[in-house]
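> Starting from these lines, generate the structure:
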Amino acid sequence: MTLLASALVLSGCSTPIADLPATANPADAQARAGGYLPVNELPPERDSATMSPDERAKIEKELLAARDRQASTVAKDAGK
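Residues are numbered from 1 along each chain as shown. You can find the predicted model right below:
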């Protein structure tokens with residue numbers, strides 16, 4: 001009984017894995033940012049252009065076709 005009680009008490013004292021000494025960051029690693037990023041910090045600009053509408057339509061068409069193939073396979077298997 002004492003073992004069970006001590007296990008329950010100790011399970012409440014958890015430490016994030018990143019803070020354990022065995023997983024310490026190497027000396028040349030950047031320090032972890034504690035908390036949230038500053039509000040005014042924006043992500044860097046993209047190096048590549050976004051998808052064109054034609055590329056997007058092609059990908060959507062391929063995804064719809066894959067969904068339809070999968071649905072017909074599932075329906076065929078369910079019918080057996």
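> average pLDDT for the longest helix anywhere in the chain?
Criterion DSSP state H: the longest helix present in the chain is helix 53-78. Mean pLDDT, helix 53-78: 94.
> buried set for that helix?
Of all the residues in helix 53-78, not one is buried under the rule 16 or more other C-beta atoms under 10 Å. For the C-beta atoms, the positions are set from N, CA and C on the backbone; glycine is no exception.
> what's that helix packed up against?
Using 3 or more C-beta pairs under 8 Å, 6 or more residues apart in numbering; DSSP states H and E, no helix or strand is in contact with helix 53-78.
> Could you measure from Lys76 over to Arg67?
Here Lys76 is placed at a distance of 15 Å from Arg67 (C-beta to C-beta, to the nearest Å).
> How about Met51?
20 Å.
> any idea how far Thr2 lies from Ala71?
Taking C-beta to C-beta, one finds Thr2 at 57 Å from Ala71.
> now Pro38
On the measure of C-beta to C-beta, Pro38 and Ala71 end up 47 Å apart.
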